Structures are given as C-alpha cells and as structure tokens.
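Colleague: I would like to see how this sequence folds:
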Amino acid sequence: MPHSSTQEITDIILKAANKARQEIKPGQEKSFTNPVKWPIDCLVGPGLEGAIACESEIGYVNGSSGELIYRGYNVFDLCAYSNFEEVSYLLIHGHLPTAVQFKKFKKDLVSYRFVPKTIRTLMSFPVEEMNSMAALRLGSNLLRREFSYVDQRTYRPDYPPISSDEDSIPMETRPMGEKHAIYEFNNGKITQRNNKFSELNSPSGLKSCYQLISGVAAVAAAVSRMRQGHLPIEADPELSHAANLLYMLTGRKPTAVEERIMDVALILHADHGMNASTFATMVVASTLSDLYFAVGSGIAALNGPLHGGANEQVLHMLEKIGSVNNVKDWYQKARSRKDKIMGFGHRVYKAYDPRARVLGPLAKYLVEKSENKRSLELFNVATELEKKVVDTLGVEKKIFPNVDFYSGIVYSCMGIPADLFTPIFAVSRVSGWTSRVLEYLKNNRIFRPRAVYVGQFDLDYVPLNKRKGEKSDKK
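Modeller: Okay, here's the model as predicted:
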C-alpha cells in the first residue's frame, strides 16, 4: 500500500532490510519448516523447550538468520508497504485482502472500536490503582460481556463435556471430541469433522477476532487515560487503527509520521511464533473456551516480567547509566556482576532481531526530530551500549539487541507513558493470538502434557492427633 506522505520512513525500513539481507545467511531450518509426520521424536527441555506443539502456516521465526515471516511475507516488506489492518487480515484469513475485502474489514474494525458498556463498567473500578496489564485483562473480560452471549447466566455450550480430567488424552478434533481416549496416530491422519468454531458469529469465530483487535486497543487507551486522571476519549471513525490508538492515548491527532511509525511498531509485534502468551492463549482455546477468555490468558502471560515489560526496563537502565561517558564503566561492572543487560538476547534469535533492525533507525529518526535533548542523550547511550554488547557478547554468545531495546524509546518519543508499553504489545499481539487460535481449532486437540512424578510412594496415613515433630513446608 502506498505511503507517499511518509516516504522517508519507508526508506529507513528498506535500508534496514537491505542491510539485514546482506548480513544474514539465507535458508530455512528444515526441522521447523517441513510438514510434521505425527507422532514425532524431539528433544524436550524444562518448560517444554524444544517441544513441537502443532503445525502452523501463520508465522515463522528463523532464529539462526534473524528472519521474521508472516504467512510467507517478510516482515520488512510488510512494514515498508502494508499497514496493521492489512497485516491483521493476512494473519487471520491467510491471504492479503482485495480492495473490497479490505474496505469491509476496516469498516468492521471501526465499528468495534466503540465499547461504551465496557468503558463505563471499567470506570467503576479503581483503575488508577491497578497494574495497567491487570486493568487490560479486566477490560478484555468485559469485552466478552459486551460482544458475546457466553457471559449470560443462561448460556450453555452446544456441545457436551467430554471428561473433567482424562489423563489418557482423548481426541478432541473438530469440535466435540470423543467420550473416550482414541489413539489416532497409527495411520498418520487426524479424523476430520465439521468445524463449528470458524463460524462468523461464534465466540471463537471471525467476528470475535475483529472485536478483540479493536476492543483491546480501545480498552488499553482508556486504561491509560484513567491512570493519568483523565476521561477516556471516544474513537474517531476517520482514523486508522494506529492513528486512533495514539489519539485515544494522548488526546491529540498524531502526525502522519507518528501514525506511520506506530503502524510499523504494531506490525512488528503482531506475531512471533509459539511464545509464552501465544501458547497460553492456545491452551485455553484448546479446551473449547472462547476467544475472550483465551486472549485474557495471553494478556496475563504477557504481564510476567520474563515475557513483557523489558522495554520499560530498558529506559530505566538507560536513565541509570545517565550519559555516553558512563557506558564503558557501567557495562564493565554489569558484566563483572553477571547482570542481565536489558533489551539484549532472545530465546530464539542467535542473530540480530529483525524487529530491532527497524526500530533502532526509527528511534534515531524520532529523537533527531524531537526538541527533547534528554531523549537524544538516552538514544546515544543506547547506541554506545549496543556497540559494547555486540563487540563482546555478540561475538562470544551471539547476543544482540532484541525488539525491546529500542521500542521504548520509540514509544516515549510519541508521548506514550512507560506503563503502557506492555499493553501496547498486547494490543498488537491480539492479531497473532486470535489467528493462531482459529487455525488450531480447525484440528483441535486439547493440550495435555505429562509431568514426571518424582515423589514418594506407599506412605502410611498418620492421624492428626498422633503426628509428632515439625516438618517445614517445602516452598
């Protein structure tokens, strides 16, 4: 799509893309890009590290070369030429929309920005005292009540329960499953049944995806306003998704450049493989719960400091360093203490994060255009720290900047408070969460890994009045 009014932003993205393509080694990882022949053997570490949960056509993270692919399209190209609405359509539907489809999709998203019942109910809670992610999760639950019928007292699912806790893993494919366990891997095929869960009006259907993409953004903006002591701002139907988000957050219409950069940031965060929040969303959805509860679980997972919030901590770290002159000494002390350097390294990437390749130059562009000297100083601290880390840990352990290192600077330059960085992450990731749920439910199998029991056996029960001595509770 043309971005004639922000060509300089397009040029920055294309320059970053060209640099990445000159540095990366092309080629896909065969073990993560070929069709799966179930069952499979794989090395699994604690936390299911290395486990293969499903097949997907939605997104691919090539950690060895530093590539991010959405439905076959390189994220650099999508940032340069597309927009968040179109990328959301791509993730959910599996293809880029026609002009007619795109117009209808945007119209639907605009209509779902208006969530008066949700905002009114949210305002009855002490949002200003709540963690911003807790308020966002509450809001996502309220969206369930506004948009769907599943929160009504009289609601009953139209499919019977299978089992409360069947350890032998029954087949739950499309959509009801079986009453008893069926091992169906012998012939390598999964039984196909009619799929009720892709219907438009289902609480786990397309309409719910659209509602959550727009609704979570509206809730995040309202939460930000309330936490600052302001009233929420009603959505503007004439603005794009990115521009409207900035407008509802800050109270002013963004410039074309700000709108474009927010659009790019949303695209970069829209999907990223089987990360913790995506997995949490899919686990809840696999029980045939609805998308609103599933997305609420994704928000809850993203709230954890091991998943979301690093960009906020990056800003605190840069502030603590203070100036470029302090970087060398600070870094040496941090390494000697084996401190975590916020914004560097990634569980998957062993190369430069492609999202950071885009956000770094965009942060530079914003701070140079800004009259805020402190923002420029913090960016200079960031670039100097990056040089130190890449020259040492980059060479030794392939640790490079990740998406969080520059995103906080980008957001702060656009007037977004630091406590809203992680909610904005969630606003973007709703597209990825919901698209992966829709895909998974087509051949649903409830997630049911096993734990290895390492406890005791054959203990004799001792009545309470005969127990002697004190045993400390294991934490």
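
Colleague: CA only for contacts and neighbour counts going forward, please
Modeller: Noted.

Colleague: Just list what the helix or strand harbouring Leu136 packs against, helices and strands only.
Modeller: In this structure, Leu136 sits in helix 132-147 according to DSSP states H and E. Judged by 3 or more CA pairs under 8 Å, 6 or more residues apart in numbering; DSSP states H and E, helix 132-147 is in contact with helix 116-122, helix 206-227, helix 291-303, helix 421-441.

Colleague: Dump the ones you listed to CSV, plus distance to Trp38 and mean neighbour count.
Modeller: Listed next are the helices and strands packed on helix 132-147 as CSV, based on distance: least, CA to CA, whole Å; neighbours: other CA atoms under 10 Å:
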stretch, distance to Trp38, mean neighbour count
helix 116-122, 43, 16
helix 206-227, 29, 25
helix 291-303, 26, 25
helix 421-441, 16, 25
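
Colleague: To Gly72, which of those lies closest?
Modeller: Smallest distance to Gly72 across the helices and strands packed on helix 132-147 (CA to CA): 14.5 Å, for helix 421-441.

Colleague: got the angle for that closest one vs helix 206-227?
Modeller: When axes from the mean of the first three to the mean of the last three CA atoms, to 10 degrees is applied, the directions of helix 421-441 and helix 206-227 differ by 170 degrees.

Colleague: Dump the C-alpha coordinates for helix 421-441 into CSV.
Modeller: C-alpha atoms of helix 421-441 as CSV (Å, rounded to 0.1, in the frame of the first residue of the first chain):
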residue,chain,number,x,y,z
PHE,A,421,4.4,-0.2,26.7
THR,A,422,3.4,-3.8,27.6
PRO,A,423,-0.4,-3.1,27.0
ILE,A,424,0.5,-1.8,23.5
PHE,A,425,2.4,-5.1,23.0
ALA,A,426,-0.8,-6.9,23.8
VAL,A,427,-2.8,-4.6,21.5
SER,A,428,-0.7,-5.7,18.6
ARG,A,429,-0.4,-9.3,19.5
VAL,A,430,-4.1,-9.9,19.6
SER,A,431,-4.0,-10.4,15.8
GLY,A,432,-1.4,-13.1,16.2
TRP,A,433,-3.2,-14.7,19.2
THR,A,434,-6.6,-14.9,17.6
SER,A,435,-5.3,-16.0,14.2
ARG,A,436,-3.4,-18.9,15.7
VAL,A,437,-6.4,-19.9,17.8
LEU,A,438,-8.6,-20.0,14.6
GLU,A,439,-6.0,-22.1,12.9
TYR,A,440,-5.6,-24.5,15.8
LEU,A,441,-9.3,-25.1,16.3
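
Colleague: Output the contacting helices and strands for it.
Modeller: helix 84-93, helix 132-147, helix 206-227, helix 256-268, helix 276-286, helix 291-303.

Colleague: can you put those helices in JSON lines and add mean pLDDT?
Modeller: Shown next, in JSON lines, are those (pLDDT from 0 to 100):
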{"stretch": "helix 84-93", "mean pLDDT": "98"}
{"stretch": "helix 132-147", "mean pLDDT": "94"}
{"stretch": "helix 206-227", "mean pLDDT": "96"}
{"stretch": "helix 256-268", "mean pLDDT": "97"}
{"stretch": "helix 276-286", "mean pLDDT": "95"}
{"stretch": "helix 291-303", "mean pLDDT": "95"}
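
Colleague: quick one, helices of the stretch 301-450 of the chain?
Modeller: For the stretch 301-450 of the chain, helices defined by DSSP state H, counting those that start in this stretch occupy the ranges 310-321, 327-336, 354-369, 373-389, 395-397, 403-413, 421-441.

Colleague: so can I have JSON lines of those showing distance to Tyr210 and mean pLDDT?
Modeller: Below are these laid out as JSON lines (distance: least, CA to CA, whole Å; pLDDT from 0 to 100):
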{"stretch": "helix 310-321", "distance to Tyr210": "27", "mean pLDDT": "92"}
{"stretch": "helix 327-336", "distance to Tyr210": "45", "mean pLDDT": "95"}
{"stretch": "helix 354-369", "distance to Tyr210": "25", "mean pLDDT": "95"}
{"stretch": "helix 373-389", "distance to Tyr210": "36", "mean pLDDT": "94"}
{"stretch": "helix 395-397", "distance to Tyr210": "41", "mean pLDDT": "91"}
{"stretch": "helix 403-413", "distance to Tyr210": "25", "mean pLDDT": "94"}
{"stretch": "helix 421-441", "distance to Tyr210": "9", "mean pLDDT": "96"}
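
Colleague: Indicate which one of those helices is closest to Ser111.
Modeller: Once the helices of the stretch 301-450 of the chain are compared by CA to CA, helix 421-441 is nearest, at 16.8 Å.

Colleague: what angle sits between the closest one and helix 132-147?
Modeller: Using the same axes, to 10 degrees: helix 421-441 against helix 132-147 is 50 degrees.

Colleague: Give me the angle between the helix holding Leu136 and helix 291-303.
Modeller: Using the same axes, to 10 degrees, helix 132-147 lies at 180 degrees relative to helix 291-303.

Colleague: CA atoms only: put helix 132-147 into PDB for me.
Modeller: Provided in PDB are the C-alpha atoms of helix 132-147 (Å, rounded to 0.1, in the frame of the first residue of the first chain):
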ATOM      1  CA  SER A 132      -2.000  -1.500  33.700                       C
ATOM      2  CA  MET A 133      -2.000  -5.100  32.500                       C
ATOM      3  CA  ALA A 134      -4.400  -6.200  35.200                       C
ATOM      4  CA  ALA A 135      -6.700  -3.400  34.100                       C
ATOM      5  CA  LEU A 136      -6.300  -4.500  30.400                       C
ATOM      6  CA  ARG A 137      -7.100  -8.100  31.300                       C
ATOM      7  CA  LEU A 138     -10.200  -7.000  33.200                       C
ATOM      8  CA  GLY A 139     -11.200  -4.900  30.200                       C
ATOM      9  CA  SER A 140     -10.800  -7.900  27.900                       C
ATOM     10  CA  ASN A 141     -13.200  -9.900  30.100                       C
ATOM     11  CA  LEU A 142     -15.700  -7.000  30.000                       C
ATOM     12  CA  LEU A 143     -15.500  -7.100  26.200                       C
ATOM     13  CA  ARG A 144     -16.700 -10.700  26.400                       C
ATOM     14  CA  ARG A 145     -19.900  -9.400  28.100                       C
ATOM     15  CA  GLU A 146     -20.400  -6.600  25.600                       C
ATOM     16  CA  PHE A 147     -19.800  -8.500  22.400                       C
END
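
Colleague: got the buried residues for that helix?
Modeller: Using 16 or more other CA atoms under 10 Å as the test for burial, helix 132-147 gives 132-145, 147.

Colleague: coming back round to it: just send the helices and strands packed on helix 421-441 back as JSON lines, with distance to Lys468 too.
Modeller: Formatted as JSON lines, these follow (distance: least, CA to CA, whole Å):
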{"stretch": "helix 84-93", "distance to Lys468": "61"}
{"stretch": "helix 132-147", "distance to Lys468": "44"}
{"stretch": "helix 206-227", "distance to Lys468": "53"}
{"stretch": "helix 256-268", "distance to Lys468": "60"}
{"stretch": "helix 276-286", "distance to Lys468": "43"}
{"stretch": "helix 291-303", "distance to Lys468": "42"}
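
Colleague: Of all those helices, which one is nearest Phe379?
Modeller: helix 256-268 (16.8 Å).

Colleague: Which elements pack onto that closest one?
Modeller: helix 7-23, helix 75-81, helix 84-93, helix 241-250, helix 354-369, helix 421-441.

Colleague: In the sheet, which residues pair with Tyr60? Tell me.
Modeller: Beta-bridge pairing for Tyr60 (DSSP bridges): Ile69.

Colleague: got the contact list for the closest residue to Arg355 other than its chain neighbours?
Modeller: Spatially, and ignoring its direct neighbours in sequence, Arg355 is nearest to Val403 (5.3 Å; CA to CA, 6 or more residues apart in numbering). Going by CA atoms under 8 Å, 6 or more residues apart in numbering, Val403 touches 343, 353-356, 359.
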